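Asker: next one to model:
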Amino acid sequence: MLCRTFVDKMFRMIFLLLMAVCPEHGRDYGNFPNPTITLEPVTGLALQGGVVIVKCETHTEDPKIVYLFQNDKVIYNVTSILSSSVVYTIINITSQHLGNYRCLYANISNRRQRSRPSTPVRLSILGGIKAPLSVLQVYPAAEVTEGETFTMTCLTATSSRCFIFKGGHKQNEHFQIKEEKSNVTITIGNVTYCDEGNYSCYCLIDVSGKTVFTAQSDWLQVTVMDREEQINEAVAAEINSSPILPIALASTAFIVLNLMCAFLAVCLSTKKGTTLRPAHHGETELQDCNQ
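Answerer: Residues are numbered from 1 along each chain as shown. As a prediction, the model looks like this:
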């Protein structure tokens, strides 16, 4: 009996040890292609306060859930329905972002069916250098009337390859709309409500022979105004600036003042008559007493 209990304990210990050594036991890898992970810039270097882009390529367009790991800890997951790749942007880089990154993906309906992890890539910081800021400017204004045109320019300290993108509704969702090999200016014509939203940019620069990203610019909100509403505001502004309105107001005030004066005159006349009648009545009473 004691021997059997000892054997059971040993079996459990061996099983737990195997589970610890082989944490992937029980997972179904099926025929899922192995994902690949890359960093932009490809050097895997970043400046303090700068930007790094992590891209996971799954090599399949089937619906899936993609997981991104930093040093074996999940930092991001997203459901990807159509695209074979998922992009994650890390902004304002600090020492907390250092380490190895890898990704894997799983079947949406059965998460035990998953790919193997990608080969890791390493993110490092180019020490002692703070990332220069990129600045996004808009002309003529951030409020644009539907159907009109506006221009955006991304500027940084040196001529560089810049990217302008639009933020999506989900966290860390960016849609790149322009890339150039120098400080970039784009023009968006015939504006619609689809162009409304938040925009930002960053640039690739060369520091000590290494290609790195600048810091991301502040978000710039572009608002699209309805054309009819804009016309109504313009008409109202024109009326307010026209001399006709002050004249009309002065005429109305003059008429109201005359009416008030006439009303006061009638009131005073009525009050005067009311005050005199009791005295006249008193005199009649005295005359009656004398008689």
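
Asker: how is the protein partitioned into domains?
Answerer: As assigned by automatic domain parsing, the chain contains the domains 2-130, 135-236.

Asker: pLDDT of the first one, averaged?
Answerer: If I follow you right, that is domain 2-130. Regarding domain 2-130, the rounded mean pLDDT is 82.

Asker: just the shortest one next, same as before
Answerer: Taken as a whole, domain 135-236 has an average pLDDT of 83.

Asker: out of the domains of the chain, flag the one nearest M260.
Answerer: domain 135-236 (30.1 Å; Cβ to Cβ). Where you see a C-beta, it was placed from the backbone N, CA and C, and this is true even at glycine.

Asker: okay, how far is it across stretch 177-191, tip to tip?
Answerer: Terminal residues of stretch 177-191 are spaced 15 Å apart (Cα to Cα, to the nearest Å).

Asker: please apply the same query to stretch 48-65.
Answerer: Using Cα to Cα, the end-to-end distance of stretch 48-65 comes to 31 Å.

Asker: about what we covered before: need the domains of the chain in JSON lines (columns: mean neighbour count and distance to M260).
Answerer: Below are the domains of the chain laid out as JSON lines (neighbours: other Cβ atoms under 10 Å; distance: least, Cβ to Cβ, whole Å):
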{"stretch": "domain 2-130", "mean neighbour count": "15", "distance to M260": "67"}
{"stretch": "domain 135-236", "mean neighbour count": "16", "distance to M260": "30"}
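
Asker: can I get these in TSV including distance to I255?
Answerer: Listed next are these as TSV, based on distance: least, Cβ to Cβ, whole Å:
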stretch	distance to I255
domain 2-130	65
domain 135-236	25
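
Asker: tell me where the stretch 51-200 of the chain has strands.
Answerer: 52-57, 64-70, 73-80, 85-90, 99-107, 121-130, 135-139, 143-145, 150-155, 161-167, 174-180, 184-188, 197-207 (DSSP state E, counting those that start in this stretch).

Asker: make CSV from those strands and add distance to T214 to it.
Answerer: Output for the strands of the stretch 51-200 of the chain, formatted as CSV (distance: least, Cβ to Cβ, whole Å):
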stretch, distance to T214
strand 52-57, 12
strand 64-70, 22
strand 73-80, 23
strand 85-90, 13
strand 99-107, 21
strand 121-130, 10
strand 135-139, 10
strand 143-145, 26
strand 150-155, 10
strand 161-167, 9
strand 174-180, 14
strand 184-188, 13
strand 197-207, 5
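
Asker: quick one: which of those is nearest R227?
Answerer: So among the strands of the stretch 51-200 of the chain, strand 143-145 is nearest, using Cβ to Cβ, at 5.7 Å.

Asker: Q113 contacts F32, correct?
Answerer: Yes - counting by Cβ atoms under 8 Å, Q113 touches F32, with 7.4 Å between them.

Asker: thinking again about what came up before, and of the strands of the stretch 51-200 of the chain, who's closest to L259?
Answerer: For L259, the closest of the strands of the stretch 51-200 of the chain is strand 143-145, at 44.6 Å, according to Cβ to Cβ.

Asker: which residue, other than its chain neighbours, is closest to R111?
Answerer: Ranked by Cβ to Cβ, 6 or more residues apart in numbering and with sequence neighbours excluded, the top spatial neighbour of R111 is I65, at 6.8 Å.

Asker: equivalent analysis for N34, please.
Answerer: Leaving aside its chain neighbours, N34 sits nearest to R116 (5.3 Å; criterion: Cβ to Cβ, 6+ apart).
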